[in-house]
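>>> show me how the following folds:
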Amino acid sequence: MTAIVGIVEDGEVWMGADSAAIFGDNTSTLKAPKIARNGEMLIGCAGGLRVLQIVHYVFEPPSHPDGMDALRYMVGPFVAELRRCLGENGTLTQKEGKDETAPVTHFLIGYRGRLFYMDADFTVTEPPRGWETSGSGCEVAAGVLHTLQTHFCTPDVRIRAALNAAADLIWSVSPPFHIEKL
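The predicted structure follows:
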């Protein structure tokens, strides 16, 4: 389930998400967005709803040490605190001897004008192309973003187009769409 789309443009991070919730063979619509505004961050979650709730309502990002690069902060203090918080709240499991979110959850994180992708094993990367997608609709959404990157559309228009395409083609993606800017 899910399509999360993030774009960095002119020092701003834009993020959009669908509202589908899948429970076995049943589909529902979430009232709460899949994107959390948490301090200086936008955090989009594709995967476990309990993980999403913890990120929304429990997790407190650690302070950012002066002079530390944002990627280094994400890989170090941020991941350590998120892993601790998720573990305390019962949403971690071990896979091949490493912690992993349970159920598997992937994140897009906007922070200080940059966009990061975090995998379920807490590996953090920064997409070089200025955008990223996650969730079951990620490939369709990525195709739309790739196509529109040379057009002069605003980030919210590109995000909405990507989410609409994913919702049209992927059964586990559905409106309404939520778009945030940081």
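>>> what secondary structure does residue 90 sit in?
Using DSSP: H, G, I helix; E, B strand; the rest coil, the structure places residue 90 in coil.
>>> what does the one 3 residues further on give?
Reducing the assignment to helix, strand or coil with three-state DSSP, the entry for residue 93 is strand.
>>> distance of it from residue 99?
In this view, residue 93 and residue 99 are 8 Å apart by C-beta to C-beta, to the nearest Å. (Glycine included, C-beta is placed from N, CA and C.)
>>> before we move on, what about residue 46?
18 Å.
>>> return the set of buried residues in the helix or strand of the chain with the lowest mean pLDDT.
Least confident helix or strand of the chain, by mean pLDDT, DSSP states H and E, is strand 98-101 with a mean of 71. The neighbour-count check on strand 98-101 (16 or more other C-beta atoms under 10 Å) flags 99-101 as buried.
>>> cool, stretch 58-75 as well?
In stretch 58-75, counting by 16+ other C-beta under 10 Å, buried: 59, 61, 64, 70, 73-75.
>>> and the contacts of it?
Here stretch 58-75 makes contact (C-beta atoms under 8 Å, 6 or more residues apart in numbering) with 38-41, 76-78, 80-82, 85-86, 89, 109, 111-112, 114, 116, 118, 124, 126.
>>> quick check: mean pLDDT across stretch 118-133?
Stretch 118-133 carries an average pLDDT of 94.
>>> no further questions, thank you.
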